[in-house]
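> Quick one, fold the following:
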Amino acid sequence: MRFEGKIAVVTGAAQGIGAEIAKRLYDDGAEYVALIDLNEEKVKEQAMKIDHFGSRTGGYACNVGSYEEVMKIFGEIEQAHGKIDILVNNAGITRDSMFHKMSEGQWDAVIEVNLKSMFNCCQAVVAGMRNRKYGKIVNLASVSAFGNIGQTNYGASKGGVIGFTKCLAREVARNHVTVNCIAPSYINTEMLQAVPEATMQRFLAAIPMERLGEPEELAAAAAFLCSDDSSFITGECLVVSGGSYM
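Got it, this is the predicted structure:
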């Protein structure tokens, strides 16, 4: 099995892309997948949905923007399972607004969840990965990092994710730890399904493949970067956009 013996953590995993990535790691044989989300009820439900026996998955409530909470929860996971081999930083929020109307609160909330969480979660695992000379970190960025109307806060956070990924990758490469990121465009999630039809048609017109991406397709890309198939790839940003940014 692709991830036999591996302990994985996926943030923002109660639904959508994060849940699908967690399921893919489980399906590909991970020894244990910890699903992390702010919504305790939903993340525990999702963990049981993936593995109804509850022996190879677990749901954990955690605000990934809080350093203290992350250290506590990740410490519990590592203590219970001895290590963390794989980290997928998927948690993220949007607070879209034209910049001249954007509040400080909208800016701060997005930066905390989307960018500070990278610092928090990676700090919780990097020392152990370096010591064991093995680790896979995959961060979720976005094509919004390259520019999108009404998303200066979101684009700044995701641009920061790309820079963070490349810098950390250089630091830990000698320790056989790889750090990569994925920049998706429009993925068929519950959040996107709620947009007006006219907006959806505008999205589709920008995609050469003329369809939305599916969460399973993003999970496949994440699984590749989490696996030893990508052992000589680090510091890269894989754009999964149906050709939107070719």
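
> next structured bit after the longest strand along the chain?
Scanning the chain for the longest strand, with DSSP state E as the assignment, gives strand 177-184. Counting by DSSP states H and E, the next helix or strand C-terminal to strand 177-184 is helix 190-193.

> Residues touching that following helix, excluding its own?
For helix 190-193, contacts defined as Cβ atoms under 8 Å, 6 or more residues apart in numbering pick out Gln15, Gly16, Thr94, Tyr186, Met200, Phe203, Leu212. Every residue, glycine included, has its C-beta placed from N, CA and C.

> hmm, 7 Å instead?
Gln15, Gly16, Tyr186, Leu212 (Cβ atoms under 7 Å, 6 or more residues apart in numbering).

> ok, now stretch 56-72?
Contacts for stretch 56-72 (Cβ under 7 Å, 6+ apart): 11, 26, 31-38, 40, 43-44, 46-47, 50-51, 73, 91, 112-113, 116-117, 120-121, 124.

> Phi first, then psi, for the residue most central in space within the chain.
Nearest residue to the geometric centre of the chain (Cα atoms, centre = their mean): Asn90, 1.9 Å. When read as degrees, to the nearest 10, the backbone of Asn90 gives phi -110, psi -20.

> The one 10 residues further on too?
Taking degrees, to the nearest 10, you get phi -70, psi -10 for the backbone angles of His100.

> picking that back up, which among the contacts of stretch 56-72 count as buried?
11, 26, 31-38, 43-44, 46-47, 50-51, 73, 91, 112-113, 116-117, 120-121, 124 (16 or more other Cβ atoms under 10 Å).

> Which of those residues fall within helices?
Members of the buried ones among the contacts of stretch 56-72 lying in helices (criterion: DSSP state H): Tyr26, Val43, Lys44, Gln46, Ala47, Ile50, Ile73, Ser117, Asn120, Cys121, Ala124.

> Identify, from these, the entry nearest to Ala221.
Tyr26 (16.7 Å; Cβ to Cβ).

> you'd agree Val64 is in a helix?
No - Val64 is assigned coil when assessed by DSSP: H, G, I helix; E, B strand; the rest coil, not a helix.

> Can you give me the distance of it to Phe99?
Counting by Cβ to Cβ, to the nearest Å, the separation of Val64 from Phe99 is 25 Å.

> Settle it for me: which of these two has more neighbours?
Val64 (27 against 11; other Cβ atoms under 10 Å).

> got a pLDDT number for that one?
pLDDT, the model's per-residue confidence, is 98 for Val64.

> Over to Pro196?
77.

> Would you enumerate the residues in contact with it?
Counting by Cβ under 7 Å, 6+ apart, there are no residues that Pro196 touches.

> Quick check: it vs Ser144, distance?
With Cβ to Cβ as the criterion, Pro196 and Ser144 are 19 Å apart.

> what's the closest non-adjacent residue to Val70?
In space, and not counting its chain neighbours, Val70 is closest to Asn120: 4.1 Å by Cβ to Cβ, 6 or more residues apart in numbering.

> Tell me who's in contact with the one you found.
Counted by Cβ under 7 Å, 6+ apart, Asn120 has contacts Val64, Tyr67, Val70.

> hmm, 8 Å instead?
Val64, Gly65, Ser66, Tyr67, Val70, Met71.

> And for Asp27?
Counted by Cβ under 8 Å, 6+ apart, Asp27 has zero contacts.

> The same query, at a cut-off of 10 Å, please.
Met1, Arg2, Phe3, Val33, Ile50, Ala219, Ala223 (Cβ atoms under 10 Å, 6 or more residues apart in numbering).

> One more: Leu115?
Contacts of Leu115 (Cβ under 10 Å, 6+ apart): Gly65, Gly92, Asn139, Asn153, Ala156, Ser157, Lys158, Gly159, Gly160, Val161, Gly163, Phe164.
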